[in-house]
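> coords please:
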Amino acid sequence: MPILASQGAVIASTLLILALTLGLAYRMTRKYLSAKMENVLFWSLGLWAFGFGVFLEVLFGLGFYSNLLGGLYLFTVALLVNLLALGSICLLKSKLIKNVYLGFSIIAELFSAYAVASGSIGNILENYVAALNPPMMVLIASSVITFPAAIILVATAYLSYRKKKSYRLVSIILGVIVVSIAGTLYIDAFPAFLYWSEFIGIFLLWIGFI
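Predicted coordinates:
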């Protein structure tokens with residue numbers, strides 16, 4: 001494990017990311033309640049899901065692990081990427097595209113839940129970090145969600161910048177992309193960069209919203 005070499009480093013990193021994530025999720029929820037912007041709703045839900053995932057990472061760092069916690073973590077990783085992508089797709093202002101992707105998301109999440117619930121997750125931790133590949137069905141179900149979401153996130157970032165030329169919006173979308181990449185990196189077995197991408201993504205989101 002080349003970057004986080006000790007249990008203490010894992011715990012400290014995840015606690016910092018958790019504090020930043022929950023603070024931003026709370027701020028974005030308040031923003032949605034005042035402005036009722038649909039993209040902010042999905043982004044805030046995605047951040048709450050992200051916060052729950054990081055909370056599970058804290059538990060992993062403390063040495064707590066079970067098949068149930070591992071399954072919840074894998075499902076949450078896929079869910080947060082989907083929610084963040086839905087938030088970004090709302091920026092396109094196309095009801096048809098949003099509804100099509102929403103339908104796809106629901107089906108994909110049901111498949112992900114089935115894949116997690118139907119198989120034995122086993123141990124996915126290495127040196128207190130989620131680093132080992134999940135069962136093949138879970139890997140396939142998660143990839144069905146994460147790869148289309150990644151394409152959508154990059155496309156909406158480009159189109160939104162062309163339309164509004166807002167550097168704060170760019171920072172927000174880049175943060176959403178990087179946070180989503182954090183989940184994709186784990187799914188694709190690049191755990192060494194997991195916490196770095198989580199931290200950088202949350203930092204970019206804070207820049208965009210302050």
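> name all residues that make contact with the closest residue to A85 other than its chain neighbours.
Closest residue in space to A85, ignoring its immediate chain neighbours: A149 at 3.7 Å, by CB to CB, 6 or more residues apart in numbering. Placement of C-beta: from N, CA and C, glycine included. Counting by CB atoms under 8 Å, 6 or more residues apart in numbering, A149 makes contact with V81, N82, L84, A85, S180.
> could you pull out the helices for this protein?
Secondary structure of the chain (DSSP state H): helices located at 7-35, 38-61, 67-89, 95-118, 136-164, 167-187, 194-209.
> format those as TSV; extra columns: distance to A130 and mean pLDDT.
Shown next, in TSV, are the helices of the chain (distance: least, CB to CB, whole Å; pLDDT from 0 to 100):
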stretch	distance to A130	mean pLDDT
helix 7-35	10	88
helix 38-61	6	91
helix 67-89	6	87
helix 95-118	14	90
helix 136-164	12	78
helix 167-187	6	70
helix 194-209	7	78
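> can you put those helices in JSON lines and add distance to N127?
As requested, those are exported to JSON lines (distance: least, CB to CB, whole Å):
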{"stretch": "helix 7-35", "distance to N127": "8"}
{"stretch": "helix 38-61", "distance to N127": "10"}
{"stretch": "helix 67-89", "distance to N127": "15"}
{"stretch": "helix 95-118", "distance to N127": "23"}
{"stretch": "helix 136-164", "distance to N127": "21"}
{"stretch": "helix 167-187", "distance to N127": "14"}
{"stretch": "helix 194-209", "distance to N127": "12"}
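> please identify which of these is closest to I124.
helix 67-89 (5.1 Å; CB to CB).
> from the contact counts, what lies against that closest one?
Counting contacts by 3 or more CB pairs under 8 Å, 6 or more residues apart in numbering; DSSP states H and E, helix 67-89 packs against helix 38-61, helix 95-118, helix 136-164, helix 167-187.
> and that helix, which residues are buried?
69-89 (16 or more other CB atoms under 10 Å).
> now swap in stretch 131-140 and tell me
For stretch 131-140, by 16+ other CB under 10 Å, it's A131, P134, P135, V138, L139.
> distance from the chain centre to stretch 113-121, please.
Taking the mean of its C-alpha atoms, stretch 113-121 sits 19 Å from the chain's own mean (CA atoms, centre = their mean, to the nearest Å).
> do the same with stretch 202-210
Stretch 202-210 sits 15 Å away from the centroid of its parent chain (CA atoms, centre = their mean).
> what does it contact?
So stretch 202-210 is in contact with 17, 20-21, 24, 27-28, 31, 47, 168-176, 178-179, going by CB under 8 Å, 6+ apart.
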